[in-house]
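Novice: Quick one, what's the 3D model for this:
(one chain, ligands or ions: 2)
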Amino acid sequence: MMNARILNPKPKAKAKRLVGNREPLADNIPKARIIEGLPLGNLGGSAIVCKGKMDGRDEPVALKMSRDYIIESRNLLEEELEKSIRLSRILPNAASYYSMVKVRYEPDRPAFAMEIVLGYPILDTNMDCIDAGRLRKLFNKGAIDQLGASLEIASSKGWHTNDLQYFVLLEDQVLNGKSFRRGDVILFDFCDWHQKMDGIRPDFSAQIDNLAKLIHGIR
Ligand SMILES: Nc1ncnc2c1ncn2[C@@H]1O[C@H](COP(=O)(O)OP(=O)(O)OP(=O)(O)O)[C@@H](O)[C@H]1O
Ligand SMILES: [Mg+2]
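Specialist: Ligands and ions are numbered 1, 2, ... in the order given. Down below sits the predicted model:
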């Protein structure tokens, strides 16, 4: 009789876990739960944004959650939150950003909480896909100046992005402690923003032109 060890000399190596390196989050981060199954938005590539509640806040929040559990995604989301908090303190038109949260039933999924914006999301790089005729009516007269003023401040501190995203507000709303009107512009998704320290002021004129073209219907 043949020896079983010869037929099967080595035990199979343990299969690699495809979900990546799940790591339990620290216990001291606030807990949150999803209160609406449908995502608030799903335009972007790397995240899912849902309506939720978080410990310590009465009003609902927006939860930005990674699509996967890998440690790199957690690092990126933490970095994004840190940039968002810094930018929301200098930009005149941004929501409030709160903290990383531990989502109920999804304790290992990286996520952070922020204020919900009642707006129509616009990706500067994707303007051709927008129903410009309908949107044009929504923008406030001063929307271009508003965006210009905000980007001027960002640029003066060295901030830039090639992936500018903003909402046009669908109703009057208080955000980050300030009152805004329907048609105002609110910047969001600071994932791809970066701050240069070389003293050269980043230029946002192309992005402002894009909004001007959208509003004035110039193609
Ligand atoms: N604070 C918010 N309030 C309401 N809806 C939001 C908020 N933040 C994001 N959304 C919605 O979720 C969508 C995706 O959000 P976001 O652009 O931040 O993520 P993403 O593009 O998937 O991720 P990333 O660009 O960081 O890879 C937005 O287009 C918008 O519809
Ligand atoms: Mg996005």
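Novice: show me where pLDDT drops low in this structure?
Specialist: Across the chain, the ranges flagged by pLDDT under 70 are 1-27, 41-44, 218-219.
Novice: How about the residues of it by ligand 1?
Specialist: Taking Cβ under 6 Å from any ligand atom, the part of the chain that reaches ligand 1 is made up of 40-41, 43-47, 49, 62, 64, 95, 114-117, 121, 165, 188-189, 191. Quick note: C-beta positions are derived from backbone N, CA and C, even for glycine.
Novice: Of those, which belong to strands?
Specialist: Those of the residues of the chain next to ligand 1 mapping onto strands are Leu40, Gly41, Ala47, Val49, Ala62, Lys64, Met114, Pro121, Gln165, Phe188, per DSSP state E.
Novice: from memory the fourth one sits against Lys64, does it?
Specialist: Yes. With contacts counted by Cβ atoms under 8 Å, Val49 reaches Lys64, the gap being 5.1 Å.
Novice: higher neighbour count, those two?
Specialist: Regarding Val49 and Lys64, a neighbour count based on other Cβ atoms under 10 Å identifies Lys64 as having more, with 28 against 21.
Novice: What separation is there between that one and Ala94?
Specialist: Counting by Cβ to Cβ, to the nearest Å, the gap between Lys64 and Ala94 amounts to 14 Å.
Novice: next one: Asn28
Specialist: Asn28 sits at a distance of 26 Å from Ala94 (criterion: Cβ to Cβ).
Novice: Check Ala111 too.
Specialist: Summarising the geometry, the distance separating Ala111 from Ala94, computed by Cβ to Cβ, is 19 Å.
Novice: With Ile29 instead?
Specialist: Spatial separation of Ile29 from Ala94 under the definition Cβ to Cβ is 22 Å.
Novice: what about those two, which has more around it?
Specialist: Comparing Ile29 with Ala94 by neighbour count (other Cβ under 10 Å), the higher total belongs to Ala94, at 25 against 15.
Novice: Outline the domain layout of this structure.
Specialist: 31-114, 119-216 (automatic domain parsing).
Novice: and of the ones in strands among the residues of the chain next to ligand 1, the nearest to ligand 2?
Specialist: Gln165 (5.1 Å; Cβ to the ion).
Novice: tally of neighbours for the nearest residue to that closest one once chain neighbours are set aside?
Specialist: Beyond its immediate neighbours in the sequence, the residue positioned closest to Gln165 (Cβ to Cβ, 6 or more residues apart in numbering) is Asp189, lying 4.3 Å away. Asp189: 22 surrounding residues under other Cβ under 10 Å.
Novice: can you offset everything so residue one is 56?
Specialist: Let's use 56 as the start, then, which means that last one is Asp244.
Novice: wait, doesn't Asp244 sit right on Thr180?
Specialist: No. Between Asp244 and Thr180 there is no contact, the gap being 11.5 Å when judged by Cβ under 8 Å.
Novice: shared neighbours of the two, which are they?
Specialist: Common neighbours of Asp244 and Thr180 (criterion: Cβ atoms under 8 Å, 6 or more residues apart in numbering): Asp218.
Novice: and the gap between the residue lying closest to Glu207 once chain neighbours are set aside and Ile199?
Specialist: Spatial nearest neighbour of Glu207, chain neighbours left out: Phe259 (7.8 Å); criterion: Cβ to Cβ, 6+ apart. If you measure Phe259 against Ile199 using Cβ to Cβ, the figure is 12 Å.
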